[in-house]
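> Need a 3D model of the following:
(6 chains)
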4 protein chains.
Amino acid sequence: MDQAAKVGRPRSEQARTAVLHAVDDLLLEVGYAAMTMKGIAERAGVGRQTVYRWWSTKAEILFEASVIDAEQELAVDASGDLAADAAVFVDRLVQFLGQSPAGAAYRALVGEAQHDPAVAELVATRDVVCDSARELLAAHGLTAGELDQAAAALAGPPFFWILTSQDPKGLDVTSLADRFAARGHVRRSGNRR
Amino acid sequence: MDQAAKVGRPRSEQARTAVLHAVDDLLLEVGYAAMTMKGIAERAGVGRQTVYRWWSTKAEILFEASVIDAEQELAVDASGDLAADAAVFVDRLVQFLGQSPAGAAYRALVGEAQHDPAVAELVATRDVVCDSARELLAAHGLTAGELDQAAAALAGPPFFWILTSQDPKGLDVTSLADRFAARGHVRRSGNRR
Amino acid sequence: MDQAAKVGRPRSEQARTAVLHAVDDLLLEVGYAAMTMKGIAERAGVGRQTVYRWWSTKAEILFEASVIDAEQELAVDASGDLAADAAVFVDRLVQFLGQSPAGAAYRALVGEAQHDPAVAELVATRDVVCDSARELLAAHGLTAGELDQAAAALAGPPFFWILTSQDPKGLDVTSLADRFAARGHVRRSGNRR
Amino acid sequence: MDQAAKVGRPRSEQARTAVLHAVDDLLLEVGYAAMTMKGIAERAGVGRQTVYRWWSTKAEILFEASVIDAEQELAVDASGDLAADAAVFVDRLVQFLGQSPAGAAYRALVGEAQHDPAVAELVATRDVVCDSARELLAAHGLTAGELDQAAAALAGPPFFWILTSQDPKGLDVTSLADRFAARGHVRRSGNRR
DNA sequence: AATTAATCGAGACGGTACGTCGGGTCTTTAC
DNA sequence: GTAAAGACCCGACGTACCGTCTCGATTAATT
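As a prediction, the model looks like this:
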């Protein structure tokens, strides 16, 4: 049982949610770079120390604030048809990365991960994009050994495209999904490795 | 022709290269986040105004300092075999992103691009990874309409993997290249692999 | 009779003395400026609220903690000889201000009184140095009208010297006491003014 | 010759005077305790770093801002009459400590000196009250060996009175001056020490 | 040769966020 | 009702970097 902290004033849930909402809002309003710990505290109507007490960096807060939404937006129920499911997933991923607030948060976090090893670890240990791709593919029967390669093959192209061009229009979702599924079929019929 | 500024003291090439080298060094020594315009100037033994006179941000300097090296490291001479060339390319890309200083610069820039639209434009208009993939694929006869999708399909998976997991070991380069080429063959010759 | 607070848990004498001792200790260890309400509570092993419940400021605590000691150290039994008594008093005052922990507390409080009107009132209404000087002089028969001037004349010079120079060595106690007593004799023998 | 700092932008005299004036103003408006380095910088319209670049503490600034005025207010031209000069000096000192802005600064500094050794040294090495008293007494022929005791005897009583009671009304200036001068005569007629 | 003009290193300038610390208050459980 | 614990909001701390602004000193091309 959780024996920690029976004494003293308990943590304020109100302060916690105020901070998370402030981060969500500020990301859209001013962007990740202009979002500061000071600004977050002021926007949330919370003391600066309270923010630092529970989170080390704005990246941590943003991660906590966005991961639930991100998982929901990327969840795909597996049908029997891998090509169709892949198309749905790629489409959702493109929407997520290009349009969704949670996706903007994810992109900001992956960006920060390239500068800060602590954030890199945060992203690596619970990468919502990779996890959702793996979940979908696992439902289609891929084995653990195949999952990593397949997830990268599925999520990588749209991820690469949007992170480097920021333009979701130049991307043909169906084409990418077909390309993935074609190989996917071959892969699963067993003639290699 | 460049008619600007014929009078006055000419720009110091020494100062320029000192700044570019300082940025290269500092990226490896302290990382992108801890690299500052002030620190760059001091490391280069150059006045701060001199840095600001020629570059707006550390991202611009880093881009100028790394793009030449990046292009060289990613150039692949096309053989007749797409699968082999793809494997070479993926392998070089993984090395580039995971090991090379120029690749570290590229990752830092792509990361910053997620936070700063100006850097996003810089990266989008001359993305060394996408450009080199397109160049290789164009040599194999892909049409302009196919290039974007194919380049993303080729470069995306390793790009995604390294940017989100930072661990190049979990990646099977051959498998990814085969997966790409299989679809490529189907696409172009019609039968499959 | 004191009718307040008959119900509920009574005030803890242990907590009170722990706080007073903590203040005494901290004044010597870290000095008045670095002494904080938080630090006092922690040193005393007492809750912060408990400190604030009984005292408003560290100055109040310090006053309560030091005034008894200060009165004892400055008490002088009057002999018949004013010059001798003055010399003893000045000597004790110099020791008190320059060496004694209670004197350090007194100096800190007088110092704080120059910044904070509340502390100024605290010091003014029960100034141990002035009170002890007046008590001695009253025992020598000075009238109420003379006491203030005489007390200032007696205590002022060493007080001034130590508060502004911090160096008790430059001071000739006998000379100051004689200077005081000479005027005192003239004054009381009636031949002038 | 002053060889320091030939390169770089020179110090802004405007910023310096703005800070000194801000400190003067704030001392009267909010008092020493509520005066902060942050507040000084903002009031002066100056960056905080600029304040810290030239002064370590608010006490240092206040000292620089008030010492000139203090010296002028306490300067007494010596006449032949020691008693008269002493009376003038005591009167000015009471005015200075009790009414003058420069005197308020001096009291604040002496107060802070009881908490902070660095300020104590600042005050001790150039104590305007002691210095002016010594200057007056030196003009009356006192020798170096006598100056310290005499200055303390002259300035100490009003200093003590005002610092501990804050009430200049309870003080009889003439009486204190006479008391000083009486002893002064005796002293100089040579019968002791 | 003297002048002009843009560059150079240096460093102070007004700002603002950093992460920490203390202030004084509030909210728990325990006594 | 007091006590210990500890979270709460607030704001100052001293530092670092931002991008700008003087400085004196160089370094060419133009007089």
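> For the closest residue to DNA strand F within chain A, give me the pLDDT.
DNA strand F sits closest to A:G8 of chain A, with a gap of 2.2 Å, by C-beta to the nearest atom of the strand. (Glycine included, C-beta is placed from N, CA and C.) What the model reports for A:G8 is a pLDDT of 90.
> show me what contacts A:I61?
Shown in contact with A:I61 (C-beta atoms under 8 Å, 6 or more residues apart in numbering or on different chains): A:V19, A:L20, A:V23, A:I40, A:V51, A:W55.
> in what helix or strand does the third one lie?
Assessed by DSSP states H and E, A:V23 sits inside helix A:13-30.
> Apart from its chain neighbours, what residue comes closest to the most centrally placed residue in chain A?
The centroid of chain A falls nearest to A:V128 when counting by C-alpha atoms, centre = their mean (3.9 Å). Of all residues not flanking A:V128 in the chain, A:A70 sits nearest, at 4.2 Å (C-beta to C-beta, 6 or more residues apart in numbering or on different chains).
> Stretch A:24-33 close to DNA strand F?
No - counting by C-beta under 7 Å from any atom of the strand, DNA strand F is not contacted by stretch A:24-33; separation bottoms out at 10.4 Å.
> Could I get the average pLDDT for that stretch?
pLDDT averaged over stretch A:24-33 gives 97.
> Report the buried residues of that stretch.
A:D24, A:D25, A:L26, A:L27, A:Y32 (16 or more other C-beta atoms under 10 Å in any protein chain shown).
> again, but for stretch A:45-64
Result for stretch A:45-64 [16+ other C-beta under 10 Å]: buried residues A:V46, A:T50, A:V51, A:W55, A:K58, A:A59, A:E60, A:I61, A:L62, A:F63, A:E64.
> So which of these is the closest to C:A124?
Nearest to C:A124 out of the buried residues of stretch A:45-64 is A:T50 (C-beta to C-beta; 40.9 Å).
> what residues go with each domain of chain A?
Using automatic domain parsing, the domain parsing of chain A gives A:10-55, A:58-193.
> what's the span of the first one, first residue to last?
When the termini of domain A:10-55 are compared using C-alpha to C-alpha, to the nearest Å, they are 17 Å apart.
> how about that domain, does it get close to chain D?
No - residues of domain A:10-55 contacting chain D under C-beta under 8 Å from any C-beta of the partner chain: none, with a closest distance of 14.4 Å.
> Give me the longest helix you can find in chain A.
Longest helix in chain A, counting residues (DSSP state H): helix A:144-165.
> and that one, average pLDDT?
The average pLDDT for helix A:144-165 rounds to 92.
> Going by neighbour count, list what's buried in that helix.
Those would be A:146-165, for helix A:144-165 by 16+ other C-beta under 10 Å.
> returning to what we had before: give me the residues contacting the helix holding A:V23.
Under C-beta under 8 Å, 6+ apart, the answer for helix A:13-30 is A:35, A:39-41, A:43-46, A:50-51, A:54-55, A:58, A:61-62, A:64-66, A:101, A:104-105, A:108.
> Buried residues, the following helix or strand past that helix. List them.
Remark: after helix A:13-30, the chain's next helix or strand is helix A:37-44, criterion DSSP H and E. By 16+ other C-beta under 10 Å, the buried positions in helix A:37-44 come out as A:G39, A:I40, A:A41, A:R43, A:A44.
> where does chain A have low pLDDT?
A:1-5, A:183-193 (pLDDT under 70).
> How many residues are close by the residue of chain A found nearest chain C?
Residue nearest to chain C within chain A: A:G8 (10.1 Å; C-beta to the nearest C-beta). If you count neighbours by other C-beta atoms under 10 Å in any protein chain shown, A:G8 ends up with 6.
> show me what contacts it?
Per C-beta under 8 Å, 6+ apart, neighbours of A:G8: none.
> count of residues packed around the residue nearest to A:A33 when sequence neighbours are not counted?
Once flanking residues are discounted, A:A33 sits nearest to B:H115: 4.1 Å by C-beta to C-beta, 6+ apart. For B:H115, the neighbour count with other C-beta under 10 Å is 19.
> Just the C-alpha atoms of stretch A:101-115, please, in CSV.
In CSV, the C-alpha atoms belonging to stretch A:101-115 read as follows (Å, rounded to 0.1, in the frame of the first residue of the first chain):
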residue,chain,number,x,y,z
PRO,A,101,-2.7,19.7,-29.9
ALA,A,102,-1.5,16.4,-28.4
GLY,A,103,0.5,15.9,-31.5
ALA,A,104,2.0,19.3,-31.3
ALA,A,105,3.0,18.4,-27.7
TYR,A,106,4.5,15.1,-29.0
ARG,A,107,6.5,16.9,-31.7
ALA,A,108,7.8,19.4,-29.2
LEU,A,109,8.8,16.6,-26.8
VAL,A,110,10.6,14.7,-29.6
GLY,A,111,12.3,17.9,-30.6
GLU,A,112,13.4,18.6,-27.0
ALA,A,113,14.6,15.0,-26.8
GLN,A,114,17.3,15.8,-29.4
HIS,A,115,18.7,18.5,-27.0
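> to the chain's geometric centre, what's the distance from that stretch?
8 Å (C-alpha atoms, centre = their mean, to the nearest Å).
> How about stretch A:49-62?
So, by C-alpha atoms, centre = their mean, the centroid of stretch A:49-62 is 19 Å from its chain's centroid.
> again, but for stretch A:150-158
On C-alpha atoms, centre = their mean, the centre of stretch A:150-158 falls 14 Å from the chain's centre.
> what's in contact with that stretch?
So stretch A:150-158 is contacted by A:86, A:89-90, A:93-94, A:97, A:129-130, A:133-134, A:136-137, A:142, A:171, A:173, A:176, A:180, A:183-184, A:187, B:149, B:152-153, B:156-161, B:171, B:176, B:179 (C-beta under 8 Å, 6+ apart).
> among those residues, which are within reach of DNA strand E?
Of these, not one also sits near DNA strand E (C-beta under 7 Å from any atom of the strand).
> ok, back up a step: list the residues that contact the residue nearest to the centre of chain A.
A:V128 touches A:V67, A:A70, A:E71, A:L74, A:Y106, counting by C-beta under 8 Å, 6+ apart.
> Contact residues of chain A facing DNA strand F?
Counting by C-beta under 7 Å from any atom of the strand, chain A sits next to DNA strand F at A:5, A:7-12, A:15-16, A:18, A:45-50, A:53-54.
> Export stretch A:60-80 to CSV, keeping only CA atoms.
The C-alpha trace of stretch A:60-80 is given here as CSV (Å, rounded to 0.1, in the frame of the first residue of the first chain):
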residue,chain,number,x,y,z
GLU,A,60,7.9,16.7,-18.0
ILE,A,61,4.7,18.7,-17.5
LEU,A,62,3.9,18.6,-21.1
PHE,A,63,4.4,14.9,-21.2
GLU,A,64,2.1,14.3,-18.4
ALA,A,65,-0.4,16.7,-19.9
SER,A,66,-0.5,15.2,-23.3
VAL,A,67,0.2,11.5,-23.1
ILE,A,68,-3.4,10.5,-22.3
ASP,A,69,-4.9,12.4,-25.1
ALA,A,70,-2.2,11.2,-27.5
GLU,A,71,-2.9,7.5,-26.7
GLN,A,72,-6.6,8.0,-27.3
GLU,A,73,-6.1,9.7,-30.6
LEU,A,74,-3.7,7.0,-31.9
ALA,A,75,-5.6,4.0,-30.8
VAL,A,76,-6.8,1.8,-33.7
ASP,A,77,-9.1,-1.2,-33.3
ALA,A,78,-7.6,-4.0,-35.4
SER,A,79,-9.9,-5.3,-38.1
GLY,A,80,-8.8,-8.4,-40.1
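> is stretch A:40-49 anywhere near chain B?
No - against chain B, stretch A:40-49 shows no contacts by C-beta under 8 Å from any C-beta, the least distance being 15.6 Å.
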